[in-house]
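S.K.: Need the 3D shape of this:
(2 chains)
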Amino acid sequence: MENLKVTLKDGTVREVAAGSTLADLAASISRSLAKSTLAAKLDGKVVDLTRPLTADATVEFLGSDTQEGLDALRHSASHIMAQAVQHLYGESVQFGIGPWIANGFYYDIDTEHTFVPEDLAKIEAEMEKIVKQDLPIVRQEMSREAAIKFFADKGQNYKVELIRDLPEDAVISLYTQGDFTDLCAGPHLPSTGRIKALKLQSLAGAYWRGSEKNKMLQRIYGTAFEKKADLDAYLTMLEEAARRDHRKLGKELDLFSIQEEGPGFPFFHAKGMVIRNELENFWRKLHRKFGYEEIKTPIILNEELWHKSGHWDHYKENMYFTQIDGANYAVKPMNCPGGMLVYKTRHHSYRELPMRVAELGLVHRHELSGALHGLMRVRSFTQDDAHIFMLPSQIKDEIMGVMDLFNVVYSTFGLSYHAELSTKPEKAMGSDEVWEVATSALKQALDERGMPYKINEGDGAFYGPKIDFHLKDSIGRTWQCGTIQLDMLMPERFDLTYIGEDGQRHRPVMIHRVAFGSMERFIGILIEHFAGAFPAWIAPLQVKILPITDRNMEYAQILANKLREADIRVEVDERSEKIGYKIREAQMEKVPYMLVLGDKEAEAGMVAVRVRGQGDVGTMTFEAFEKMVNKAIANKA
RNA sequence: GCCGCUGUAGCUCAGUGGUAGAGCAGCGCAUUCGUAAUGCGCGGGUCGUAAGUUCAAAUCUUAUCAGCGGCUCCA
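M.R.: Residues are numbered from 1 along each chain as shown, chains lettered A, B, ... in the order given. Just a heads-up that it's a prediction; the model follows:
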């Protein structure tokens, strides 16, 4: 038989008999490789290990240490779950889609039976049986007609719909394990026995094909790992992340609350306001540096304005309305129309452009009740908005300037982020040509700054395309914070003009942008990012003074006053508790610095310092301590 | 809004038909203490809300509100 040349990842070349599989190849290299390999990359494409080699090729084996390997494992786990569901809940069960996702998998299921949490354990037990049987997972290809007939005969109508919608040239593949066959592009593990650790996590509803016009199916979420230890580590990580949940910490640290009287309308408490005000100070300073001016526009404006802006036609369902003296008014869901009115209060020369006009604007939006989520998703929030009015020739530079400003904001907090570009939605104002110009300007700016981005087709705002900047919460969900939206329509609607060099009126281009996104959401992100242990500059309380006995109270108060004079946020714990107790409480409050003051310190005029995360750092002069705190605050460390 | 789950003291939770309980927090008293919890005592809840079933409802039924996990949507 003919031999093929296979180039491995490390560059070595091996000869194998044509027709032998990737699994054979792995086994021929080493037993441990065969054991740890889940899938393989054949000439750059991820495939099953059961795939036979038919030509010279490059091969990379994928274990559970690679994302692709884990994805294949979880994809197989989702099939095993579907098989288990079919065993337990009968042939009438219809399956939607069952893909792998970032940290696990899900399957959408349509059945008369309503799943309850107790069912998950039953399904898991059935899955374990299927794993134990170590059923081979076999791939086969079928013609479109045969595949449609196959699934139609089984009453799997969703699968039939999926096949009908596949592109003409698609290869239709099916995977079979024991008595279960599913439509699937793969790849999969060679057999069910390879999954040593799996867990079903939650139940949820999900619309078929993601459209609320369609039937809601039942979705079961789960995750799977090659080893039990990996699963346990992941579950432990999730538990630790849950401890950083901003809703939990917000309550514990007395930062904010959300009450039944105002669902989605957060209350900021005194300590939360300190953070918020520090963020605003930082924001104002930065925006002055980047050449912005600041305005404030009203929260309620006449309904006519919203007809003019297009919000009435495109955003009405999300708006709140009211009446004043018999006239109709709307509560603003966005700041832009107000900003337009300010621009129009006088003439502008081309020499003024670009005009960068910022506004911390409180907006209200009627979000669906089921979408509300702590501070991350609320119905009233303050956007750190700005509108930049400019000449068409300034678009790219301005966008890059905004990206630079965002980078300062996010890196100050050590936040990592990623960008997404959204293009023209179905419900949009303006012609395709206008959209094309605007979209390519955004692309150019991203490319020039070398920022990688993902494209979301049809996700733009109704008035223009946008770049969104996403930040992660404690369990890895991402939230859109910053956004840059190019708008070539609002200036038209409001007939904005500037006088050009030629003395004629011209139409400016505008961008809307937010850096924090909303103060609320950003604070939520920060709470989770720092797990409540805020850097000194935004910490609600910066120094807590703990006198050991009542004798030391006077010394404590003198130092507290000195710190207050120096604009440092300080409190004295005056209770007659033992020092260990006071330290424990201050520690749980996550105060960055503590001063333990007893007779020794009072006599020597020194302070004993505890630093959050380090514990007792010893005794120093008050001046040295003050310098240390001021330095940390100044460095935003 | 849709699907599933949950709702008992300020917080975390126990209590599944016989008119409510723990720990922590709070308050009072004592203690004046050296780096993550001093002791004793006291107060606090129409069991989310509203109807219904029952001799009797925190517990069963229905509706409704809110929260949680998703879907949709989005800063």
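S.K.: For whichever residue of the stretch 101-250 of chain A sits closest to RNA strand B, which non-adjacent residue is spatially closest?
M.R.: Nearest to RNA strand B in the stretch 101-250 of chain A, going by C-beta to the nearest atom of the strand, is A:Gly205, at a distance of 2.6 Å. (C-beta placed from N, C-alpha, C; glycine too.) Among residues not flanking A:Gly205 along the chain, A:Met216 sits closest, at 4.6 Å (C-beta to C-beta, 6 or more residues apart in numbering).
S.K.: okay but that neighbour is in contact with A:Ala206, surely?
M.R.: Yes - between A:Met216 and A:Ala206 there is a contact at 6.8 Å, judged by C-beta atoms under 8 Å.
S.K.: higher neighbour count, those two?
M.R.: Legend: neighbour count by other C-beta atoms under 10 Å for A:Met216 and A:Ala206, higher for A:Ala206 (17 against 13).
S.K.: can you tell me how far A:His307 sits from RNA strand B?
M.R.: 20 Å (C-beta to the nearest atom of the strand, to the nearest Å).
S.K.: Geometrically speaking, which residue is the centre of chain A?
M.R.: Centroid check for chain A by C-alpha atoms, centre = their mean gives A:Thr478 as the closest residue, at 0.5 Å.
S.K.: which residues touch the nearest residue to A:Arg575 once chain neighbours are set aside?
M.R.: Using C-beta to C-beta, 6+ apart and skipping residues adjacent in sequence, the residue nearest A:Arg575 is A:Lys582, 7.3 Å away. If a contact means C-beta atoms under 8 Å, 6 or more residues apart in numbering, then A:Lys582 has A:Leu546, A:Asp573, A:Arg575 as its contacts.
S.K.: Quick one: classify the last one as helix, strand or coil.
M.R.: Here A:Arg575 takes the coil state, with states given by DSSP: H, G, I helix; E, B strand; the rest coil.
S.K.: Check the spacing between it and RNA strand B real quick.
M.R.: 8 Å.
S.K.: and the strand or helix carrying the residue of the stretch 101-250 of chain A closest to RNA strand B, which residues are buried?
M.R.: Taking DSSP states H and E as the definition, one finds A:Gly205 inside strand A:197-207. Neighbour-count burial for strand A:197-207 flags A:Ala197, A:Leu198, A:Lys199, A:Leu200, A:Gln201, A:Ala206 (criterion: 16 or more other C-beta atoms under 10 Å).
S.K.: repeat for stretch A:581-596
M.R.: Along stretch A:581-596, these residues count as buried under the neighbour rule (16+ other C-beta under 10 Å): A:Lys582, A:Ile583, A:Ala586, A:Glu589, A:Lys590, A:Val591, A:Pro592, A:Tyr593, A:Met594, A:Leu595, A:Val596.
S.K.: Ok, stretch A:206-225 next?
M.R.: A:Ala206, A:Trp208, A:Arg209, A:Leu217, A:Gln218, A:Arg219, A:Ile220, A:Tyr221, A:Gly222, A:Thr223, A:Ala224, A:Phe225.
S.K.: Out of the buried residues of stretch A:581-596, which are close to RNA strand B?
M.R.: Restricting these to those near RNA strand B by C-beta under 7 Å from any atom of the strand leaves A:Ile583, A:Met594, A:Val596.
S.K.: which residues does A:Val274 contact?
M.R.: A:Val274 sits next to A:Ile538, A:Ala539, A:Pro540, A:Arg569 when contact means C-beta under 8 Å, 6+ apart.
S.K.: Tell me the most packed of those, by neighbour count.
M.R.: Taking other C-beta under 10 Å as the neighbour criterion, A:Ala539 ranks highest of the contacts of A:Val274 with 25 neighbours.
S.K.: Now do the same for it: helix, strand or coil?
M.R.: coil.
S.K.: okay, it: pLDDT?
M.R.: As predicted, A:Ala539 sits at a pLDDT of 97.
S.K.: Doesn't A:Met127 lie inside a strand?
M.R.: No - going by three-state DSSP, the assignment for A:Met127 is helix, not a strand.
S.K.: isn't it right up against A:Ala84?
M.R.: Yes - at 4.6 Å, A:Met127 and A:Ala84 qualify as touching, with contact defined as C-beta under 8 Å.
S.K.: hmm, back to that, which ones, among the contacts of A:Val274, also lie beside RNA strand B?
M.R.: With C-beta under 7 Å from any atom of the strand as the criterion, those include none near RNA strand B.
S.K.: Adding distance to A:Leu189 as columns, could you present those residues in TSV?
M.R.: As requested, the contacts of A:Val274 are exported to TSV (distance: C-beta to C-beta, whole Å):
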residue	distance to A:Leu189
A:Ile538	48
A:Ala539	49
A:Pro540	51
A:Arg569	56
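S.K.: What is the nearest of these to RNA strand B?
M.R.: A:Ala539 (15.7 Å).
S.K.: Next one: the residue lying closest to that closest one once chain neighbours are set aside from RNA strand B, what distance?
M.R.: Nearest non-adjacent residue to A:Ala539, counting by C-beta to C-beta, 6+ apart: A:Pro592, 5.2 Å away. As judged by C-beta to the nearest atom of the strand, A:Pro592 and RNA strand B stand 13 Å apart.
S.K.: Ramachandran angles for A:Pro592?
M.R.: The phi and psi values for A:Pro592, taken as degrees, to the nearest 10, are phi -60, psi -40.
S.K.: Pretty sure it sits against A:Val611.
M.R.: Yes - when contacts are counted by C-beta under 8 Å, A:Pro592 is listed as touching A:Val611 (7.1 Å).
S.K.: quick one: contacts for A:Lys308?
M.R.: Shown in contact with A:Lys308 (C-beta under 8 Å, 6+ apart): A:Pro337, A:Arg493, A:Phe494.
S.K.: tell me the contacts of A:Glu420?
M.R.: A:Tyr453, A:Lys454, A:Ile455, A:Asn456, A:Asp459, A:Ile467, A:Asp468, A:His470 are the contacts of A:Glu420 under C-beta under 8 Å, 6+ apart.
S.K.: Quickly check these for the two that are furthest apart.
M.R.: Using C-beta to C-beta, the pair of those lying farthest apart is A:Ile455 and A:His470, separated by 13.7 Å.
S.K.: Of these two, which one has the most company?
M.R.: It is A:His470, of A:Ile455 and A:His470, that has more neighbours when counted by other C-beta under 10 Å, with 18 against 11.
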